[in-house]
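A.B. asks: sequence and predicted model, in that order:
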Number of protein chains: 2
Amino acid sequence: MLCDYYYAKCAKGTAIRKMSALSRKLKNEKGESAIIDLTLGNPLLPPPEVYQKALEIVSQNTDCMRHGYSTTLGDTPARQAMADIISSFEKVLSSAENVVLTPGCTAAINVFLRSVLNPRDEVILFSPYFLEYPFYIDNCQATMKIVRTKFEENWQPNAKMLEESLTEKTKVIIINSPNNPTGVVYTEETMVKIVEVLKRYNTTHNHKIWILNDSVYRRLIEGDTFTLFDKYQYSAIAYSLSKDVSIPGERVGCIAVNPLLDTCQEFVAGIANFNEILGFMQPNRLHQFVLPIMELAVADLKQYVTSREIICECLEDLGIKFVKPHGAFYFFPKIEEGNEEEFCHLFAMNGVVVVPGSAFGECGYFRMSICQPPEIVRGWVEQFKECYRKTVHQLKEKTSAEHTIVH
Amino acid sequence: MLCDYYYAKCAKGTAIRKMSALSRKLKNEKGESAIIDLTLGNPLLPPPEVYQKALEIVSQNTDCMRHGYSTTLGDTPARQAMADIISSFEKVLSSAENVVLTPGCTAAINVFLRSVLNPRDEVILFSPYFLEYPFYIDNCQATMKIVRTKFEENWQPNAKMLEESLTEKTKVIIINSPNNPTGVVYTEETMVKIVEVLKRYNTTHNHKIWILNDSVYRRLIEGDTFTLFDKYQYSAIAYSLSKDVSIPGERVGCIAVNPLLDTCQEFVAGIANFNEILGFMQPNRLHQFVLPIMELAVADLKQYVTSREIICECLEDLGIKFVKPHGAFYFFPKIEEGNEEEFCHLFAMNGVVVVPGSAFGECGYFRMSICQPPEIVRGWVEQFKECYRKTVHQLKEKTSAEHTIVH
């Protein structure tokens, strides 16, 4: 009864869902504390205090029109609040004028892609990538093109490889920094090189290639990174008040179009149009009133930094190879023993559930989501080490047994 | 910079937006009270009291996980609450099991269509129709087929005309009752005939045609109507806690799949999958907690009935022809003088802004949205009459002047 696309591409389910379901099953069998579930990115920190206060203030306002439709672009004060957040990490300042509200970052990405893509246009993704991007590209009947980033290059995009993959059909490059699944933050140097390549291509081919930066983790960052709007006119930022304020379930996002874009106002109107005709509409009105009260508040994000340090030390102790992440709350370590499927399954059976790298387009690694405060991480880190050692030991024994049989 | 589709189908803007913008312009020029704006469906009644209480209770709960992601299908208590609402107007009872939460009814319709449609499948709409359906069908690369309903048949769908339009590509019939823009409620008799036609076609052609009932106005109804699930297995209801509780901006909707569908569980899983890969995700978490507290509460809807009576009397006084609506808060009267564009423009200049019928696929009519309590409607009804009489008078003079010139 469902469409062909479902059976071709979706019916098997994603690896994240499968591992998450396995985790639930194992917890039921062995008890909650026996299983360390590192599959999902549902943050365990509380939202900032001002969020709670804002929510109470807004909820107590009984003006009946406050739950009605907002305008197509979203309420102006909420758009301005989003603009202020974007301006806090970009050199070129945003205002309400270049911001369209969307119900979350997933909506923002879909709306942006649909606004610019014609069928059969190409979208470039750097792998490993957030596993739903390919669906979003399919939603626009566009074509996905993968440019790999490499462990050996610290998962930074390689501008030369990007240049080689550009064609006259290339319309959008999706960037996701801090990156899901690697946790890596793209550097200023990386972005300068990418922009050089695109500008050169645009000039020589009389073309306009967009950069869409999925910046949902942008405020979950340690140290330096790049700015975008000052470098490249044809750019937009998809953002959501989500993990950084610990309210990913409230679905409050936006697209900020580069205010330096020569056709910015027409473009903003076009995006708002697609936000409606795709059926997304604006974010829930209640949070549109909450937004301006929150200003730049975030959750107590230094806790993630501490948790990250604990995990870095743990992985180093175990001799696991990984690129140290400086953003989001993900790790993407290398699998040294066994194939990916074998390793992840056995690791889960031994008590640690992670997501295989192939789910993100990069086989031979696994993703761990450490969105927990340090006191929780400290509580399971020794158990994690034991499970890992046991898993590696079992895989080594299995390998040597197989070798014996072969000989 | 935007895609071809935008320039081909969207850039001109919808008639609702144009008239709404005209209304704002006229209000700025002539003063707020000089203009009666009947373009939009943003309800002016307050939400039920229990909504306000629920909001305050939920907002004060500081459990930090309450703003995180819900499960793919939505929280079970919220799904059950939606099921209870659906069960309140259907004979076959729903449960959480056959309900998927979506951020609003527009999301629900898009998700359903995308879940079942293959490219080039046909979707049948009865005209006049909600003006965004054609975009939703385009979003699935499917084809729209219009079956007209007629003023003379009280805007009830004609089963014979439906039968003649069915082909092997027909996959979905969208029904919208109470109807936007006519306000007409489809009868049990109408639905029995439609279902007969579909069952006959399914049997003779070994085919399965879906009925999707856009039921967003289902609780805004006076008198009797049909039930769906008991009549036809291949059916689903798109619903949103919206105008009936005066919170259309909060985006809390669902798809209820007919629990009697033989593959209901697989179908529900498929729908939840598309809800995610289209980027909609679940409704904001806060309202998922509000929902179960509200139970079956609605706004004080009898006020709309009173407002409707006032308008009926007013239109009759003016000798305007219209089919008396029994649901939603729309009227769709006939234009007797001048062409549609001319009439609507002049009516606006004289102080009443309405939407031309062609926006809904039916030329020669206009839509008025009366989502106001009776005390407000009474305040402008005489002004409305004057504006109408003036408009008709001017159009008659213009016509006779033109005739004079011609002769």
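C.D. replies: Cool, the structure landed. Numbering: from 1, shown residues only, chains lettered A, B, ... in the order given.
A.B. asks: please parse chain A into its domains.
C.D. replies: Structural domains annotated on chain A: A:11-40+A:300-396, A:49-293, as defined by the TED database.
A.B. asks: which one of the ones you listed lies nearest to B:F343?
C.D. replies: Taking Cβ to Cβ as the measure, those were each checked against B:F343, and domain A:49-293 came out nearest at 26.2 Å. Placement of C-beta: from N, CA and C, glycine included.
A.B. asks: tell me the contacts of the residue minimising distance to the centre of chain A?
C.D. replies: Nearest to the mean C-alpha position of chain A, counting by Cα atoms, centre = their mean, stands A:N180 at 4.5 Å. Residues in contact with A:N180, defined by Cβ atoms under 8 Å, 6 or more residues apart in numbering or on different chains, are A:41, A:130, A:217, A:328, A:330, A:360.
A.B. asks: okay, and the residue nearest to the second one when sequence neighbours are not counted sits in which element?
C.D. replies: Here the nearest residue to A:F130 in space, its sequence neighbours aside, is A:N180; by Cβ to Cβ, 6 or more residues apart in numbering or on different chains that works out to 4.9 Å. Secondary-structure assignment from DSSP states H and E places A:N180 in no helical or strand segment.
A.B. asks: phi, psi for A:N180 please.
C.D. replies: phi -110, psi 110 (degrees, to the nearest 10).
A.B. asks: got a markdown table for the domains of chain A, with mean pLDDT and distance to B:L2 too?
C.D. replies: Compiled in a markdown table, the domains of chain A are given as follows (pLDDT from 0 to 100; distance: least, Cβ to Cβ, whole Å):
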| stretch | mean pLDDT | distance to B:L2 |
| --- | --- | --- |
| domain A:11-40+A:300-396 | 95 | 29 |
| domain A:49-293 | 97 | 4 |
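A.B. asks: point out the most buried one among the ones you listed.
C.D. replies: Here the criterion is mean neighbour count by mean count of other Cβ atoms under 10 Å in any protein chain shown, and of these the winner is domain A:49-293, at a mean of 21.
A.B. asks: mind checking how far that one is from the chain centre?
C.D. replies: Relative to its parent chain, domain A:49-293 has a centroid offset of 11 Å by Cα atoms, centre = their mean, to the nearest Å.
A.B. asks: end to end on it, go ahead and measure it.
C.D. replies: 11 Å (Cα to Cα, to the nearest Å).
A.B. asks: likewise for stretch A:80-96?
C.D. replies: Looking at stretch A:80-96, the gap from its leading to its trailing residue is 4 Å under the measure Cα to Cα.
A.B. asks: same list (the domains of chain A) but as CSV, adding distance to B:N110.
C.D. replies: CSV is the format used below for the domains of chain A (distance: least, Cβ to Cβ, whole Å):
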stretch, distance to B:N110
domain A:11-40+A:300-396, 20
domain A:49-293, 4
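A.B. asks: so which of the ones you listed gets nearest B:V116?
C.D. replies: Smallest distance to B:V116 across those (Cβ to Cβ): 14.2 Å, for domain A:11-40+A:300-396.
A.B. asks: now the residue of the stretch 251-400 of chain A found nearest chain B. Nearest residue, chain neighbours left out?
C.D. replies: When Cβ to the nearest Cβ is the measure, the stretch 251-400 of chain A has its nearest residue to chain B at A:R285, with 3.2 Å between them. Setting aside the residues directly before and after it, A:R285 is nearest to B:G249 in space (Cβ to Cβ, 6+ apart), at 3.2 Å.
A.B. asks: give me the distance between the residue nearest to the centre of chain A and A:M191.
C.D. replies: Distance, A:N180 to A:M191, by Cβ to Cβ, to the nearest Å: 18 Å.
A.B. asks: before we move on, what about A:F343?
C.D. replies: 34 Å.
A.B. asks: do the same with A:D75
C.D. replies: Counting by Cβ to Cβ, the separation of A:D75 from A:M191 is 32 Å.
A.B. asks: mind listing what the residue nearest to A:R285 touches?
C.D. replies: Counted by Cβ under 8 Å, 6+ apart, B:G249 has contacts A:66-70, A:282, A:284-286, A:288.
A.B. asks: repeat the analysis, applying 7 Å as the threshold.
C.D. replies: Applying Cβ atoms under 7 Å, 6 or more residues apart in numbering or on different chains, one finds that B:G249 lies in contact with A:67-70, A:284-285.
A.B. asks: a markdown table for these, including secondary structure?
C.D. replies: Written out in a markdown table, the entries for the contacts of B:G249 read as follows (DSSP: H, G, I helix; E, B strand; the rest coil):
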| residue | secondary structure |
| --- | --- |
| A:H67 | helix |
| A:G68 | coil |
| A:Y69 | coil |
| A:S70 | coil |
| A:N284 | coil |
| A:R285 | helix |
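A.B. asks: just put these in CSV and tack on distance to B:G13.
C.D. replies: Written out in CSV, the entries for these read as follows (distance: Cβ to Cβ, whole Å):
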residue, distance to B:G13
A:H67, 26
A:G68, 21
A:Y69, 17
A:S70, 18
A:N284, 25
A:R285, 23
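A.B. asks: wait, which of the residues you listed is closest to A:P47?
C.D. replies: The nearest member of the contacts of B:G249 to A:P47, counting by Cβ to Cβ, is A:N284 at 15.7 Å.
A.B. asks: pretty sure that closest one contacts B:Q282?
C.D. replies: No - counting by Cβ atoms under 7 Å, A:N284 does not reach B:Q282; the two are 11.5 Å apart.
A.B. asks: can I take it that the residue nearest to A:R285 is in a helix?
C.D. replies: Yes - according to three-state DSSP, the state of B:G249 is that of a helix.
A.B. asks: ok, it to A:N284 distance?
C.D. replies: In this structure, B:G249 and A:N284 are separated by 7 Å, where distance is defined by Cβ to Cβ.
A.B. asks: one more: A:P333?
C.D. replies: Distance check for A:P333 against A:N284: by Cβ to Cβ, it reads 38 Å.
A.B. asks: likewise A:S358?
C.D. replies: From A:S358 to A:N284 the distance is 35 Å (Cβ to Cβ).
A.B. asks: at which residues are the strands of the stretch 301-407 of chain A located?
C.D. replies: According to DSSP state E, counting those that start in this stretch, the stretch 301-407 of chain A carries its strands in the segments A:330-331, A:352-353, A:355-356, A:366-369.
A.B. asks: so the closest residue to A:E340 other than its chain neighbours bridges to which residues?
C.D. replies: With sequence-adjacent residues excluded and distances taken as Cβ to Cβ, 6+ apart, A:E340 is closest to A:P356, at 4.8 Å. Here A:P356 sits in beta bridges with A:F366, going by DSSP bridges.
A.B. asks: got a list of what A:P157 touches?
C.D. replies: Counting by Cβ under 7 Å, 6+ apart, A:P157 touches A:126, A:147, A:149, A:186, A:190, A:194.
A.B. asks: tell me the SS of it?
C.D. replies: Taken by three-state DSSP, the conformation at A:P157 corresponds to coil.
A.B. asks: using PDB, write down the CA coordinates of stretch A:139-147.
C.D. replies: Taking Å, rounded to 0.1, in the frame of the first residue of the first chain, the C-alpha atoms of stretch A:139-147 are listed here in PDB:
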ATOM      1  CA  ASN A 139      12.800  14.800  -1.900                       C
ATOM      2  CA  CYS A 140      13.900  17.400  -4.500                       C
ATOM      3  CA  GLN A 141      14.500  14.800  -7.200                       C
ATOM      4  CA  ALA A 142      18.100  16.000  -7.200                       C
ATOM      5  CA  THR A 143      21.300  13.800  -7.300                       C
ATOM      6  CA  MET A 144      23.700  13.300  -4.400                       C
ATOM      7  CA  LYS A 145      27.400  13.400  -5.000                       C
ATOM      8  CA  ILE A 146      29.800  12.300  -2.200                       C
ATOM      9  CA  VAL A 147      33.200  13.900  -1.600                       C
END
